[in-house]
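Undergrad: need a structure here:
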Amino acid sequence: QVQLVESGGGSVQAGGSLRLSCAASAFAFSKRYMHWFRQAPGKEREGVGFILRDGSTTYADSVKGRFTISKDNANNTLYLQMDSLKPEDTAMYYCAASPGGCYGPANCDFWGQGTQVTVSS
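TA: Presented below is the predicted three-dimensional model:
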């Protein structure tokens, strides 16, 4: 059973916006941490940020002030609003769920299939 499904990726010019969604199963959405990660070709995976069950959020310095993580508890959906996009934001974006902090598919309880974001200059 697929637990996390991302959508909303695409191509956008620098300065533009995109909103990613992550539809979760109720079981995945019940985890304390809901994360967004990204990975660009040839680069290490990067944690974009996460939201806790209480709604508090934490962001990587590289996206702070530009990206916003939110969730819809009624619909078990996680969001990533990305504004003022830069070419360096180009990556595959993944959502994940875990009871605590995690770093990738090997130690996050649930991991999505990813959605591609491409930002052109």
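
Undergrad: Might you report the residue contacts of residue 18?
TA: By C-beta atoms under 8 Å, 6 or more residues apart in numbering, the contact list for residue 18 reads 8-10, 12, 82, 85, 117. Where C-beta positions appear, they are placed from N, C-alpha and C, glycine not excepted.

Undergrad: With residue 49 instead?
TA: Counting by C-beta under 8 Å, 6+ apart, the residues that residue 49 touches are 35-36, 57-60, 63, 67, 69.

Undergrad: Beta-bridge partners for it, please?
TA: Under DSSP bridges, the beta-bridge partners of residue 49 are residue 36, residue 59.

Undergrad: Contacts only, for the closest residue to residue 112 other than its chain neighbours.
TA: Closest residue in space to residue 112, ignoring its immediate chain neighbours: residue 4 at 3.8 Å, by C-beta to C-beta, 6 or more residues apart in numbering. Neighbour list for residue 4: 22-25, 28, 95-97, 110-113 [criterion: C-beta under 8 Å, 6+ apart].

Undergrad: repeat that for 7 Å
TA: 22, 24, 28, 95, 97, 110-112 (C-beta atoms under 7 Å, 6 or more residues apart in numbering).

Undergrad: For residue 12, see how far away it is.
TA: Residue 4 is 23 Å from residue 12, where distance means C-beta to C-beta, to the nearest Å.

Undergrad: All set now, cheers.
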